[in-house]
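Peer 1: Dropping the sequence and predicted coords here.
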Amino acid sequence: MALHLSWDFIFGVLANIISAMVCVAPLPTFYQICKKKTSEGFQSIPYIIALFSAMLWLFYAIFDDDSTLLITINSFTFFMETGYLSVYLIYATKKDRMFTAKLILFFNVFGFGMICILTLFLTHGRKRVDVLGWICMIFALCVFVAPLAIMRKVIKTKSVEFMPFSLSFFLTLSAVMWFFYGFLKKDLYVTIPNTLGFLFGIIQMVLYLIYRDTKKVSVKEPKICEFYEHIVDVAKLSATEITTVVVPQPNNNGNHVEDQKVKKENKQSMDVPNKV
């Protein structure tokens, strides 16, 4: 039993460390946002979802037995995501700021508030833990299914530009640690979603190994369109100005009669104003 508890603690600590590394990964991005004083078009949705997830797992861990390691990492995540969103709200455009504020109210205030009220008043004891566990598990499964869109994009474009290997690796490693933590602790609500996270993480890394050497073709649509329009305009212009070139034939007097014809046509074309 002591060995079981020790392994439980070891995997929990490792999961905390790896999850904390993933959580602090956006720090350079937000440093640049503060430095440039602009959100640079970054989306706030991943940080809102991460904050909502941390709040759910914190609420679950408070009522569950011996979930100190869940409380530590999700408390850390809660403060980090709150900081990220605060910086984002300061430097985002008015439109992005309003959109982010609406999402925070919907998920983190109204959504989380309803879950708290319903579970506190309608459930008691172990039933409350089970209901919160199911809510956390379903939400975690939805989050782990999200990479399917990225994997589809990788297969379609044959490029791993939108799927960094380091992020996929650490997310997969984190899922493995949390899986063993939940398995040893006999917590199905932690074990089941991280099983799916581990499988999707492996698939992502396999896709990376398959498409990592594929040469990416950089295509900028606006420039191609402008270049194409320019070619069309040149073709139209050339069609209006072109003259028929006839090989001059000498007449009986030895003069090139066609020379006079070409000169006459050239003179007429010069009188017509160019159209661009």
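Peer 2: Here it is on my side, so go on.

Peer 1: Could you use CA atoms for every contact and neighbour count after this?
Peer 2: Fine.

Peer 1: Just the strands from the stretch 1-150 of the chain, written as ranges.
Peer 2: Secondary structure of the stretch 1-150 of the chain (DSSP state E, counting those that start in this stretch): no strands present.

Peer 1: Would you map the helices across it?
Peer 2: 2-24, 27-36, 45-63, 68-91, 94-104, 112-122, 125-145, 147-157 (DSSP state H, counting those that start in this stretch).

Peer 1: I'd like these laid out as JSON lines, including mean neighbour count, distance to Phe169 and mean pLDDT.
Peer 2: Shown next, in JSON lines, are those (neighbours: other Cα atoms under 10 Å; distance: least, Cα to Cα, whole Å; pLDDT from 0 to 100):
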{"stretch": "helix 2-24", "mean neighbour count": "16", "distance to Phe169": "10", "mean pLDDT": "84"}
{"stretch": "helix 27-36", "mean neighbour count": "14", "distance to Phe169": "19", "mean pLDDT": "90"}
{"stretch": "helix 45-63", "mean neighbour count": "20", "distance to Phe169": "18", "mean pLDDT": "94"}
{"stretch": "helix 68-91", "mean neighbour count": "18", "distance to Phe169": "19", "mean pLDDT": "95"}
{"stretch": "helix 94-104", "mean neighbour count": "15", "distance to Phe169": "29", "mean pLDDT": "94"}
{"stretch": "helix 112-122", "mean neighbour count": "13", "distance to Phe169": "30", "mean pLDDT": "95"}
{"stretch": "helix 125-145", "mean neighbour count": "17", "distance to Phe169": "14", "mean pLDDT": "90"}
{"stretch": "helix 147-157", "mean neighbour count": "14", "distance to Phe169": "13", "mean pLDDT": "82"}
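
Peer 1: so which of these comes closest to Leu199?
Peer 2: helix 125-145 (9.7 Å; Cα to Cα).

Peer 1: Tell me what angle the closest one forms with helix 112-122.
Peer 2: Between helix 125-145 and helix 112-122, the angle comes out at 150 degrees (axes from the mean of the first three to the mean of the last three Cα atoms, to 10 degrees).
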